[in-house]
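Student: take a look and give me a structure for this.
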Amino acid sequence: RNTKWLCVMLTNNIGHHLMVRQAMIPRNLKPFPYICGNRMLSGYKPKSNVKDSYKILELEEGCSLDDIRNSYRSLAKKYHPDSGSATADSEAFMKVEEAYRVVLSDAATKKKANENNEEEEDQFKPKAPQHRHYLSFEGIGFGTPSQREKQYMQFRVDRATEQVLEYRKQRLESQRAVTDLMKAKDVKQSKKVKITQAVERLVEDLIQESMAKGDFDNLSGKGKPLQKFSDCPHIDPMTHNLNRILIDNGYQPEWILMQKEIRETIERLRRSIVASRSKLGGPMTPYRQKQWNRICEQFIEDIRKLNRRIDNFNLVVPILSRQMVHFSAEKEIVRAQKTYEALMENREASNSDTKENEEENVKRFGWKSSLFKWLNL
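Tutor: Okay, the predicted model is just below:
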């Protein structure tokens, strides 16, 4: 214990750093944590130059406290004996620590000097008057507090009057803007009505002039009533008539006309190939087979042309779901063959039914039919 107090007294009175190594401490003092290991005990007062201290910390005068602390930390990590780095140096670290203390003291001194200067400046600034509680009327008026209060009340009345007048002015301006807008809309609507009426009068005059010239005498439906209503009760009659007039005069969209043409063409081709197969009949002789092959070749060529028409239709159709796929000539020929076989089966079934009916009639009315035949003879 005497050795421990001797070390502390040395560090406090001599005024320099004392490096205490673990090997220098007796065994009975090693359990004390405050002197074990590589510890540095210091209690000195810095005596270095301020400029040199700034150079050691790699700083400039006038820097902030954060810059001072950050520089000290980086240098301490670099030179501290316990850091374990390759650049660890106890003497360099002592210089860094001494410079850090000098710089801190210099920064504190400058800060106090600035605060003192600010206090001296504040002393020369004009101070608020002691009767500040009498100036609670927004600085309005002069004289005694009661006179100033009356003047302040009058000021408030005048200010409220001005605000009311300003509000009324803004409201009148907004109403005037709304009325101007309504007038502009009315003028625009009246112009639109005038234009519509002028167009209607022009159209009526042109119709009357054409009727006088006889341009409508060659119409197919002259003198006949218009078909006012369509077969569907859910369609507006006026809309139906307008659409029909547009379609009759060629105002139908191109893709609709192309779609209608494609459907009519495929139906016509299907009917024609079924009719050709029915004309050939059966059984298929070599001559009939050659004729059927020629018919199939012509049908394949027609289907190829129709598929080109479908390609053109898919380019102009505005809706993707309305596009069409190509027709297969082989599938259409097989379909026509099946249709022909179904027609033959239906025809044979109908013929067998008629024969059975005739036989039943003969069985029932045999003597009557023979009598009628004898009488006819």
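
Student: the chain: helices as residue ranges?
Tutor: Here the chain has its helices, by DSSP state H, at 2-13, 50-56, 65-79, 90-124, 145-213, 237-248, 254-280, 286-316, 329-364, 366-376.

Student: any low-confidence regions in this protein?
Tutor: Along the chain, segments meeting pLDDT under 70 span 1-48, 118-135, 221, 225-233, 355, 357-377.

Student: dump the helices of the chain to a markdown table, plus mean neighbour count.
Tutor: C-beta here means a position set from N, CA and C on the backbone, and glycine is covered the same way. Converted to a markdown table, the helices of the chain look like this (neighbours: other CB atoms under 10 Å):
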| stretch | mean neighbour count |
| --- | --- |
| helix 2-13 | 12 |
| helix 50-56 | 16 |
| helix 65-79 | 15 |
| helix 90-124 | 14 |
| helix 145-213 | 11 |
| helix 237-248 | 12 |
| helix 254-280 | 15 |
| helix 286-316 | 14 |
| helix 329-364 | 12 |
| helix 366-376 | 9 |
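
Student: which one of those helices lies nearest to residue 220?
Tutor: helix 237-248 (10.4 Å; CB to CB).

Student: isn't residue 138 up against residue 152?
Tutor: Yes: contact criterion CB atoms under 8 Å: residue 138 and residue 152 qualify, at 6.9 Å.

Student: circling back to that earlier point, in a markdown table, list the helices of the chain along with distance to residue 222.
Tutor: Compiled in a markdown table, those are given as follows (distance: least, CB to CB, whole Å):
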| stretch | distance to residue 222 |
| --- | --- |
| helix 2-13 | 132 |
| helix 50-56 | 114 |
| helix 65-79 | 103 |
| helix 90-124 | 109 |
| helix 145-213 | 11 |
| helix 237-248 | 15 |
| helix 254-280 | 27 |
| helix 286-316 | 36 |
| helix 329-364 | 44 |
| helix 366-376 | 57 |
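
Student: select, out of those, the one closest to residue 224.
Tutor: Checking these against residue 224 by CB to CB gives helix 237-248 as the closest, at 14.2 Å.

Student: packing partners of the closest one?
Tutor: Contact analysis of helix 237-248 by 3 or more CB pairs under 8 Å, 6 or more residues apart in numbering; DSSP states H and E lists no helix or strand as a packing neighbour.

Student: just the CA trace of it, in PDB.
Tutor: Output of helix 237-248 as PDB, limited to C-alpha atoms (Å, rounded to 0.1, in the frame of the first residue of the first chain):
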ATOM      1  CA  PRO A 237     -86.200   4.200 -83.900                       C
ATOM      2  CA  MET A 238     -84.400   7.400 -84.600                       C
ATOM      3  CA  THR A 239     -81.000   5.900 -84.100                       C
ATOM      4  CA  HIS A 240     -82.000   2.900 -86.300                       C
ATOM      5  CA  ASN A 241     -83.200   5.100 -89.100                       C
ATOM      6  CA  LEU A 242     -80.000   7.300 -89.000                       C
ATOM      7  CA  ASN A 243     -77.800   4.200 -89.000                       C
ATOM      8  CA  ARG A 244     -79.700   2.700 -91.900                       C
ATOM      9  CA  ILE A 245     -79.500   5.900 -93.900                       C
ATOM     10  CA  LEU A 246     -75.700   6.100 -93.300                       C
ATOM     11  CA  ILE A 247     -75.200   2.400 -94.300                       C
ATOM     12  CA  ASP A 248     -77.300   2.800 -97.400                       C
END
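
Student: how much does that helix deviate in direction from helix 254-280?
Tutor: Angle, helix 237-248 to helix 254-280, by axes from the mean of the first three to the mean of the last three CA atoms, to 10 degrees: 70 degrees.

Student: so what's the gap between helix 237-248 and the chain middle?
Tutor: Computed by CA atoms, centre = their mean, to the nearest Å, the separation of helix 237-248 from the middle of its chain amounts to 41 Å.

Student: can you start the count at 744 instead of 1 from here on
Tutor: Let's use 744 as the start, then, which means that last one is helix 980-991.

Student: got the contact list for stretch 843-852?
Tutor: 789, 791, 792, 793, 796, 797, 800, 802, 808, 811, 815 (CB atoms under 8 Å, 6 or more residues apart in numbering).
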